[in-house]
Each structure stands twice: as structure tokens, then as C-alpha cells.
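Participant: Fold the following, please.
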Amino acid sequence: MDQPRVVPYRPERLPEVIALWEASRPPEGLARRREIFRWYTERNPGLRGRPAYWCLEENGALIGMHGHMPVVFDVDGVERLGHMAQDDLLHPSCRGRGLGQVLLAGATAGAPDFSAAMWFNDANHRSYAKAGWIDVPGFRRWVRFLDAGRLAAEMDRPPLALAARWLGRLALRAIDLPARARRRRDLVIAAVDAFDARFDALWERTKGGLGIAVRRDAAYLAWRWTEKPYTRYRRVAVSDPGGELRGYLVWRPVPEDGGLVGRVFDVLDDPACPGALDALLLHAVDAAREAGCTHVVCAAALPRLVAALRRLGFLPNRRTEHHMVTNWESAFAREHVTDIRRWHLTLGDADGDVWTEQEPEGAA
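Facilitator: The predicted structure follows:
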């Protein structure tokens, strides 16, 4: 019997990937997952000839896979090729043999440049830590409640829950009034039909102040937010009185627990235009309320974004999100790469919302 080995994914192995899904997942949605997988692994402008997955094979058969998505990072404005890891899967018959560690080690050895990962469950987090990945602590989701009942459901103590139900509606309407009073009336927010050269210029102006960030140029934004199969995103941009693009935001209402939550998947602003970020976030709050969402969620690490969320009444989630890195030693000092304030991360980074298989209502 051959020893298991880790090899790069090639598109001709897609039938074997589908067979692995069939052995590991319910049959519903597999056809859609195949189409999303091809979009994700074949059309990403950050690939640059690099494999999007690594495969674990034994005796020539594919028994596991690890997503190691090539991306282009801009680090303080300077390009650095890297990866965002996600989507680990082993054949059910092969679990419990330590092969997950073999797969992770083989992928990071085969792609030895800087890599990050996020959106772990606790079991995966432990597995990545055993493979040498280190934590970047402090990454959080922020929640803006729009519905008093939804806020009350978060309260641990019955008296607080009762108060939230009786007083919450008015309070939730009033919480961002100071920010609304300061809102710039000369900024224009409009739907984005296509990501064009204006978004390249926006990225070039802003990337130097973002720390570590996946490059969000027009090609990436178009691939991520307009070309993804089966999901329509609501995309808006803010422009100054002269018509210059000053920021954008991507969100959509997502079914959750019998209701809807507004998820902000990406947001970027030009800090040279005061008020642009608040205008975008207030638009998301208002649009989510109009869509019937009970709350709005936005993940944030960048201090400027965190400060704006606080101003607008967003509350930090009690639980921080797992975010980890590996192969960082040749590029960063540990205190640099593990300082969450030096990252620009949102819900749409890594494979956030990639594997969604339902098509929500609402035009982009």
C-alpha cells in the first residue's frame, strides 16, 4: 500500500472531487456546488497559475482535499503573493487516522508562502494549531440590532430581556441619531452595476493604509461580487460632490433562524473623504431594515472601521473569530502579523459566503 501523499489539484480531477462530496455530504445542492467550485477554482484573478486546492491521495485515489486559495495581498501597499486556506474534507472512511495533519502539512509545504485562514469551527482550529498555524487574536463580528425581539433574545437575564422588548424599539431607532445628524448630505450613494477602473483607482489610493489586506481591485471585486453563481449581492458606492468614487459596500439579506439578517460582506472607504464610511454603513442599516432584517452583521479588524461601527450603534460579538497564519516568518515579525489592528478583514474574506447554495430574493 502506498503512503498517502499530497499533490496539487488539477481541473481534470473534478469528477473525483464530486465523488468525495457524494461520500461526505447530502446529495442536495451538489450540482450547484460543482458550478460554484469551478468559479472559485478556475476564475479567481489571483490564481496566477497556482493550484486552488491540494489533494490527499492514497493508492492513486483522492481521499481528501484542502482549499488553499491563492490571493494577492497588499501589505502596507506592497504586493505579496499568498493564500487563504479553507474547506477541508476527508473521506468518511479515512477519518481518525491523523490524515488531516498530513494534508495540512503537505499543503503548506507545497505552497510555502504566507497564508492566512479564518471562519474555523473549534475542531478545525485545534487541527490547524497542531499543524503550526498561530492565532491572530481579536477579530470580531459587530451587530446592529434592528428588532427589539431579536435584541431581547440575546439577553441572558429575563429582566433585561423584558426591558429590551418594551424599550428596545425606540432605543434602536434612536441609537444612531447623532451620526445621522452629522451625515454629509452632499455625498451620493448609488447602486454599482459593474466594477470598473474607478475601483482600481480607489484601491491604489487606500491600500497603503490598510495594513494586511487581500487586494480588492476591480478584477477581484467583479469576480467576487458579480460573477459568483446563484447569489446576488447588493452593491453600492459612495461618491463625493465632484463625482469621484470614495467607497463601496457589498451586502445581502441572508435567511437565518426563520428570519433575515443583513450581512455586510465587504466595505472600503477613502479616509480622505470624511463621512463616506458612515454614509455607507447607514445605508446598509436602512436597506436591511427595509428588507425586513432583524439585525445587521459586519466583521471588522481595521481600527477605522471598528470606530465607525461603534459610532453607529453596532455592538461587538461576545465571541471572537478564529483567524490564523502560517509561513509568516520570512515576511513578518510576529508582533506585526499577530496584531489584528494591522489587518483589513471582512465577512467576505477567505471563503465567507462562497458555498451558499440558495438564491436570495432582491436585486443586486
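
Participant: C-alpha from now on. contacts and neighbour counts both.
Facilitator: OK.

Participant: Could you give the average pLDDT over the helix or strand in which residue 129 is found?
Facilitator: In this assignment (DSSP states H and E), residue 129 forms part of helix 122-130. Averaging pLDDT along helix 122-130 yields 91.

Participant: Show me where the protein has its helices.
Facilitator: Applying DSSP state H to the chain gives helices spanning 14-24, 30-42, 99-110, 122-130, 148-153, 158-174, 177-181, 197-206, 218-225, 276-290, 303-311, 334-337.

Participant: Quick check: end-to-end length of stretch 238-258?
Facilitator: One end of stretch 238-258 to the other measures 32 Å (Cα to Cα, to the nearest Å).

Participant: ok, residues contacting it?
Facilitator: Around stretch 238-258, the neighbours that count as contacts under Cα atoms under 8 Å, 6 or more residues apart in numbering are 186-190, 198-199, 202, 225, 232-237, 260-270, 273, 276-277, 279-281, 284, 288, 291, 293, 360.

Participant: go on, stretch 218-225?
Facilitator: 43-46, 194-200, 232-233, 250.

Participant: again, 6 Å this time
Facilitator: By Cα atoms under 6 Å, 6 or more residues apart in numbering, the residues outside stretch 218-225 that reach it are 195-196, 199-200.

Participant: Please apply the same query to stretch 322-334.
Facilitator: By Cα under 6 Å, 6+ apart, the surrounding residues in contact with stretch 322-334 are 113-118, 133-136.

Participant: ok, these vs residue 66, which is closest?
Facilitator: Ranked by distance to residue 66 (Cα to Cα), the contacts of stretch 322-334 are led by residue 117 at 11.7 Å.

Participant: Residue 85 is in contact with that closest one, correct?
Facilitator: Yes. If you go by Cα atoms under 6 Å, residue 117 and residue 85 touch, sitting 4.8 Å apart.

Participant: sorry, back to before: how much does the helix holding residue 129 deviate in direction from helix 99-110?
Facilitator: Interaxial angle of helix 122-130 relative to helix 99-110 (axes from the mean of the first three to the mean of the last three Cα atoms, to 10 degrees): 50 degrees.

Participant: In helix 122-130, which residues are buried?
Facilitator: Neighbour counts using 16 or more other Cα atoms under 10 Å place 125, 127-128 of helix 122-130 among the buried residues.

Participant: what does stretch 79-94 give?
Facilitator: Quick answer for stretch 79-94 (16+ other Cα under 10 Å): 80-86, 88-91.

Participant: Next: stretch 6-14.
Facilitator: 6-9.

Participant: same thing with stretch 208-218?
Facilitator: Of the residues in stretch 208-218, 209-218 count as buried by neighbour count, 16+ other Cα under 10 Å.

Participant: Output it as CSV - backbone C-alpha positions only.
Facilitator: These are the backbone C-alpha positions of stretch 208-218, laid out as CSV (Å, rounded to 0.1, in the frame of the first residue of the first chain):
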residue,chain,number,x,y,z
GLY,A,208,-1.3,51.9,1.9
GLY,A,209,-3.3,52.5,5.0
LEU,A,210,-4.9,49.1,5.3
GLY,A,211,-2.1,47.0,6.7
ILE,A,212,-2.5,43.4,5.5
ALA,A,213,-5.4,43.0,3.1
VAL,A,214,-6.4,40.9,0.1
ARG,A,215,-6.2,43.1,-3.0
ARG,A,216,-9.6,44.5,-3.8
ASP,A,217,-9.1,45.8,-7.3
ALA,A,218,-11.8,45.9,-10.0
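
Participant: Averaged pLDDT, it. What do you get?
Facilitator: Averaged across stretch 208-218, pLDDT comes to 98.

Participant: swap in stretch 180-197?
Facilitator: 96.

Participant: Span of that stretch from start to end?
Facilitator: From its first residue to its last, stretch 180-197 covers 31 Å (Cα to Cα).

Participant: Which positions in it come out as buried?
Facilitator: 183, 187-189, 192, 195.

Participant: just stretch 29-47 next, same as before
Facilitator: When burial is assessed from 16+ other Cα under 10 Å, stretch 29-47 yields the following buried residues: 33-34, 36-37, 39-41, 44-47.

Participant: now swap in stretch 173-180 and tell me
Facilitator: Neighbour counts using 16+ other Cα under 10 Å place 175-176, 179 of stretch 173-180 among the buried residues.

Participant: same question, stretch 237-244
Facilitator: 237-240.

Participant: Remind me what the longest strand along the chain packs against, helices and strands.
Facilitator: Across the chain, the longest stretch assigned as strand under DSSP state E is strand 61-75. Contact analysis of strand 61-75 by 3 or more Cα pairs under 6 Å, 6 or more residues apart in numbering; DSSP states H and E lists strand 53-58, strand 78-90, strand 212-214 as its packing neighbours.
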